[in-house]
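Engineer: Okay, here's the prediction I keep looking at, along with the sequence it came from:
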Amino acid sequence: MQEILTSMLQWLRFDDMESVYLAIPLAPLAGAIVAGLFGRFITRGMAHWVTILGVAVAFVLSLAVFQHHVLEGAESYNGTVYRWLSTGDLTLEIGFLIDNLTAVMLLVVTFVSLMVHIYTIGYMHDDPGYKRFFSYIALFTFSMLMLVMSNNFLQLFFGWEAVGLVSYLLIGFWYKRPTAIYANLKAFLVNRVGDFGFLLGIGAVLLYAGTLDYAAVFADAPEMAEQTMEIFEGSPWSVVSVVCILLFIGAMGKSAQVPLHVWLPDSMEGPTPISALIHAATMVTAGIFMVARMSPLFELSEAALSFVIVTGAVTAFFMGLLGLVQNDIKRVVAYSTLSQLGYMTVALGASAYGAAIFHLMTHAFFKALLFLAAGSVIIAMHHDQDMRNMGGLRKYMPVTWLTSWIGALALIGFPGTSGFFSKDSIIEAVHMADVPGAGFAYVAVLAGVFVTALYTFRMIFMVFHGRERMDEHTRGHLHETPLVVTGPLVLLAIPSLAIGWYTVEPMLFGTYFQGAIFVQHENDVLFELGHEFHGAGSMALHGLTQPPFWLAMAGIATAWFFTLAAPGAGETVKRLSGPLYRMLVAKYGFDRFNEVVFAGGARAVGRLLWRVGDRVLIDGLVVNGSARLVGWVAGRARLLQSGYLYHYAFVMILGLLGLLTWWVVA
């Protein structure tokens, strides 16, 4: 396979690779600027072609980076683009770190983004904000590229906040919808909670390492591990543990881990293409990438790894359960993203960073595929997203049906699909991990296999199989979506099926991440797991005998029974489950808790401050009170001005007597 790729990429040779690195993020940025700032002067066609061209250039150049660093084995590049600020001994720079980890992220981000850009031509065809949308998604791509290419915490934070800002604009793209405005505000505020911890972590890095450069910080990591700080008096904490936990709190916001997950399902209020881009290749993967990049720090803190693995396990299982009660096709896929992000986080906590990035890559392809397939169904259904109004779409939309099946099989980890190689590797790695909480995590991710198969094929069967439940008008206009929509589905289905076969060995058990990811020898579960690896084919065959496969089959069978064989049985289960079903529908009460305690509490404090602080203190005492005091004093002082000369003479005599008395007494 390496020889084939090498021959295909021979033409991607550049003498000045530094210019290539710079051009990768700038190409989408140029497209975003043209489509955004000059939108009124260009046609709709020019708007989509200039942004697609920018992302296509970034993708081609990312292939060149992959060729140079991975296939040709070139040394990692760590260089400065320009110096932003110098103060004392501190220098803040914009720079790039290009290694194998960066190379795979560049390919994932640019390829998925390119597919989303092409797909958007069909999905947003009649939208009045067409040019604005293309500008936003190109800017989103630029922001993510700057994040993954950064070589210092300053640029990381810039990309981190930039993807948050553009996601706010995209989730609320249809700004005339109150639900969209609520969703983008929710995403923005929840991420501010995570970003506050992230910023504190960066501040702690600067305080104890004296620099924000990755290489320098990683070199100082062993020394930081020996230092302690007292957050509470008399209770010393390891500096590196505090730094890692604070950084991970930022990842909990961006990568939607419990309890900072509540924004992600509501992001479905944005157009489907941006749902695919957020969930597959940009914002939500930023936290996973960041922790993998920070492996030299996390490996020195067992407390941080334990916190990470437990958080991921809770997210993987309990967020998957919420997918069982969703009827909106996009929300089913959204809760699937939450669960799969939990799997990646569990892998990070087990020190299987390579498995986390591997699953990030495979998940990007099949999750983008599922989202775009859902969008294809929504187009055909005239933007009806309720699965209860679908059914039997297989005969009307054969390409969407087939690609959806491929994405679904990859999602549940069916042996031979890309999702199998990455997901099963995570499960086995967690099983071998010794970090506190690994036992709980193993049970959670194993049970999650059944849950994933159940909600995934409940969606597949309700949408594409069984009786047709749409109205006659919709049925009369059902047809496959145009090539501009189905083309990206086919192109995403190919890596969803095949890429795992060629990448599982080098990325998990080879030296692909050597030098990019650091793992303590005693924590290296992938190294131990590699002793049992005898090739991708053998792994796929062995997977047919393992518990994850049979749990997935049980999930599919259960979904078939409740949706096709005995659809009425589902209502009986709802009645019997009672409180459990209502708890899932209420999303465990997180939204209600946030609405009542945080949002309601903030509003109550605001009203109290307005009444007491503004009306009583500021208006009552300071503004109006001072005015009334001046008026009262003036009113009394006015009485002294009678206009009679003898009154003034009498006052002067009294004043003179007073001065004489004071002088005599003194």
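Structural biologist: Happy to help now that I have it.

Engineer: Roughly how far does the nearest residue to Ser62 once chain neighbours are set aside sit from Leu491?
Structural biologist: Once flanking residues are discounted, Ser62 sits nearest to Leu106: 3.9 Å by C-beta to C-beta, 6 or more residues apart in numbering. Quick note: C-beta positions are derived from backbone N, CA and C, even for glycine. Per C-beta to C-beta, to the nearest Å, Leu106 is found 18 Å from Leu491.

Engineer: and what of Lys131?
Structural biologist: 25 Å.

Engineer: For these two, indicate the residue with more neighbours.
Structural biologist: Ranked by neighbour count (other C-beta atoms under 10 Å), Lys131 and Leu491 place Lys131 first, with 24 against 18.

Engineer: wait, isn't the more buried one in contact with Val34?
Structural biologist: No - counting by C-beta atoms under 8 Å, Lys131 sits too far from Val34 to count as a contact (9.7 Å).

Engineer: what residues are shared contacts of those two?
Structural biologist: Ile42, Ala47 (C-beta atoms under 8 Å, 6 or more residues apart in numbering).

Engineer: By mean pLDDT, which helix or strand of the chain comes out lowest?
Structural biologist: In the chain, no helix or strand scores lower on mean pLDDT, DSSP states H and E than helix 2-8, which sits at a mean of 52.

Engineer: what about Ala256, which SS state?
Structural biologist: Under DSSP: H, G, I helix; E, B strand; the rest coil, Ala256 falls in the coil class.

Engineer: now it: how far from Val310?
Structural biologist: Where Val310 is concerned, Ala256 sits at a distance of 16 Å (C-beta to C-beta).

Engineer: Same check on Ser113?
Structural biologist: For Ser113, the distance to Val310 - C-beta to C-beta - is 33 Å.

Engineer: For the helix or strand hosting Val332, the averaged confidence score.
Structural biologist: Counting by DSSP states H and E, the element that carries Val332 is helix 329-349. What helix 329-349 shows for mean pLDDT is 93.

Engineer: distance between it and the chain's centre?
Structural biologist: Put simply, helix 329-349 sits 10 Å off its chain's centre (C-alpha atoms, centre = their mean, to the nearest Å).

Engineer: Could you do stretch 382-402 as well?
Structural biologist: 28 Å.

Engineer: Check stretch 570-589 too.
Structural biologist: 28 Å.

Engineer: Give me the residues contacting it.
Structural biologist: By C-beta under 8 Å, 6+ apart, the list of residues contacting stretch 570-589 reads Val262, Pro265, Phe318, Leu321, Leu322, Leu324, Val325, Phe562, Thr563, Arg592.

Engineer: about what we covered before: Ala256 and Val310: who's more crowded?
Structural biologist: Neighbours were counted for Ala256 and for Val310 using other C-beta under 10 Å; Ala256 has more, 31 against 21.

Engineer: which residues touch the more buried one?
Structural biologist: Here Ala256 is in contact with Trp263, Leu264, Val284, Thr315, Thr337, Leu338, Leu341 (C-beta under 8 Å, 6+ apart).

Engineer: What is the nearest of the residues you listed to Ala304?
Structural biologist: Closest to Ala304 out of these is Thr315 (16.5 Å), distances taken as C-beta to C-beta.

Engineer: Can you read off the pLDDT for the closest one?
Structural biologist: In this model, Thr315 carries a pLDDT of 95.

Engineer: Count the residues that sit near it.
Structural biologist: 29.

Engineer: List the buried residues for whichever strand or helix holds Tyr442?
Structural biologist: For Tyr442, the element it lies in under DSSP H and E is helix 438-464. By neighbour count on 16 or more other C-beta atoms under 10 Å, the buried set for helix 438-464 is 438, 441-442, 444-464.

Engineer: and the angle for that helix with helix 329-349?
Structural biologist: For helix 438-464 against helix 329-349, the angle by axes from the mean of the first three to the mean of the last three C-alpha atoms, to 10 degrees is 160 degrees.

Engineer: follow-up on the earlier one: and the helix holding Val332, what other elements does it pack with?
Structural biologist: helix 263-266, helix 272-280, helix 283-293, helix 302-322, helix 353-380, helix 418-432, helix 438-464 (3 or more C-beta pairs under 8 Å, 6 or more residues apart in numbering; DSSP states H and E).

Engineer: Make JSON lines out of the contacts of Ala256 and add distance to Arg582.
Structural biologist: JSON lines is the format used below for the contacts of Ala256 (distance: C-beta to C-beta, whole Å):
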{"residue": "Trp263", "distance to Arg582": "23"}
{"residue": "Leu264", "distance to Arg582": "22"}
{"residue": "Val284", "distance to Arg582": "28"}
{"residue": "Thr315", "distance to Arg582": "21"}
{"residue": "Thr337", "distance to Arg582": "24"}
{"residue": "Leu338", "distance to Arg582": "20"}
{"residue": "Leu341", "distance to Arg582": "26"}
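
Engineer: Among those, which one sits closest to Leu156?
Structural biologist: Nearest to Leu156 among the contacts of Ala256, counting by C-beta to C-beta, is Val284 at 16.2 Å.

Engineer: List the buried residues in stretch 475-495.
Structural biologist: Here stretch 475-495 shows Leu478, Glu480, Thr481, Val485, Thr486, Gly487, Pro488, Leu489, Leu491, Leu492, Ala493, Pro495 as buried, counting by 16+ other C-beta under 10 Å.

Engineer: With just CA atoms, put that stretch into CSV.
Structural biologist: The C-alpha trace of stretch 475-495 is given here as CSV (Å, rounded to 0.1, in the frame of the first residue of the first chain):
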residue,chain,number,x,y,z
ARG,A,475,-44.5,10.2,-1.3
GLY,A,476,-45.3,11.6,-4.8
HIS,A,477,-42.2,13.7,-4.9
LEU,A,478,-39.7,11.3,-3.3
HIS,A,479,-36.6,10.7,-5.4
GLU,A,480,-32.8,10.3,-5.0
THR,A,481,-31.0,13.5,-4.4
PRO,A,482,-28.7,15.0,-7.1
LEU,A,483,-25.1,14.0,-7.7
VAL,A,484,-23.7,17.0,-5.9
VAL,A,485,-25.3,15.5,-2.8
THR,A,486,-24.8,11.7,-3.4
GLY,A,487,-21.3,12.1,-4.8
PRO,A,488,-19.7,13.1,-1.4
LEU,A,489,-21.7,10.2,0.2
VAL,A,490,-20.0,7.7,-2.1
LEU,A,491,-16.5,9.3,-1.6
LEU,A,492,-17.0,9.2,2.2
ALA,A,493,-18.3,5.6,2.1
ILE,A,494,-15.0,4.4,0.5
PRO,A,495,-12.7,5.3,3.5
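
Engineer: contacts for it?
Structural biologist: Residues contacting stretch 475-495 (C-beta under 8 Å, 6+ apart): 112, 115-116, 118-119, 121-123, 362, 365-366, 368-369, 372-373, 375-376, 379-382, 393, 396-400, 402-403, 406-407, 418, 468, 470.

Engineer: could you dump the helices and strands packed on helix 329-349 to TSV with distance to Trp663?
Structural biologist: As requested, the helices and strands packed on helix 329-349 are arranged in TSV below (distance: least, C-beta to C-beta, whole Å):
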stretch	distance to Trp663
helix 263-266	79
helix 272-280	85
helix 283-293	80
helix 302-322	79
helix 353-380	90
helix 418-432	95
helix 438-464	90
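
Engineer: Out of these, flag the one nearest Tyr136.
Structural biologist: Minimum separation from Tyr136 across those (C-beta to C-beta) falls at helix 272-280, 7.7 Å.
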